[in-house]
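> sequence first, then the predicted structure, then my questions.
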Amino acid sequence: MLWLARDAYRNLGHGVDGPYLVARSGTFSRDTLALRREAIAAWTLSTSPFTRRAGLVTLTAAVAAGEDGYRIPDLAATEAPAFAAMAAPGILEEFLTYPGAPDHLPEQRLP
């Protein structure tokens with residue numbers, strides 16, 4: 001069973017190559033996804049009790065064509081939001097917080 005986990009880990013990968021989001025996963029059948037970044041309409045981050053304990057999430061890119069989206073499994077939970085924001089700018093930025101940034105928006109006074 002351990003050799004299956006090693007093989008699955010060895011085949012994991014994700015990145016951005018020009019206009020494409022590229023991801024690879026699988027054990028018995030290695031799947032490679034090449035998705036145009038401009039087609040991504042939304043992101044979903046999900047976990048199970050086992051992946052949460054390991055600090056991992058599954059990032060799912062939702063597109064207009066299709067119901068389920070395209071899954072990128074086992075990303076580090078601390079890095080997944082930044083990766084999603086970089087891969088498809090403009091979707092997650094308003095929900096992210098950055099170290100050293102104020103916790104709230106400054107008050108705006110009307111003239």
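Thanks, I have it.

> with adjacent residues omitted, what lies nearest to residue 85?
In this structure, residue 85 finds its nearest non-sequential neighbour in residue 92, 4.6 Å apart by C-beta to C-beta, 6 or more residues apart in numbering. Yep, even glycine has a C-beta here, placed from its N, CA and C like the rest.

> quick one: contacts for the one you found?
43, 81, 84, 85 (C-beta atoms under 8 Å, 6 or more residues apart in numbering).

> pop out the phi and psi values for the second one.
By that I understand residue 81. Per-residue torsions, residue 81: phi -60, psi -40 (degrees, to the nearest 10).

> quick check: buried residues in the host helix or strand of residue 82?
Using DSSP states H and E, residue 82 sits within helix 80-87. For helix 80-87, burial by neighbour count (16 or more other C-beta atoms under 10 Å) applies to 80, 81, 83, 84, 85, 87.

> which strands or helices does it pack on?
Here helix 80-87 touches strand 13-17, strand 40-46, strand 56-63, going by 3 or more C-beta pairs under 8 Å, 6 or more residues apart in numbering; DSSP states H and E.

> would CSV of those strands with mean pLDDT be doable?
Below are the helices and strands packed on helix 80-87 laid out as CSV (pLDDT from 0 to 100):
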stretch, mean pLDDT
strand 13-17, 87
strand 40-46, 93
strand 56-63, 93
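
> could you dump those strands to a markdown table with mean neighbour count and distance to residue 70?
Output for those, formatted as a markdown table (neighbours: other C-beta atoms under 10 Å; distance: least, C-beta to C-beta, whole Å):
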| stretch | mean neighbour count | distance to residue 70 |
| --- | --- | --- |
| strand 13-17 | 12 | 11 |
| strand 40-46 | 15 | 9 |
| strand 56-63 | 19 | 5 |
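
> nearest to residue 97, of these?
Nearest of these to residue 97, taken as C-beta to C-beta: strand 40-46 at 14.8 Å.

> might you report the residue contacts of the residue lying closest to residue 88 once chain neighbours are set aside?
Leaving aside its sequence neighbours, residue 88 sits nearest to residue 40 (C-beta to C-beta, 6+ apart; 4.0 Å). With contact set as C-beta under 8 Å, 6+ apart, residue 40 has these partners: 21, 61, 62, 63, 87, 88, 91.
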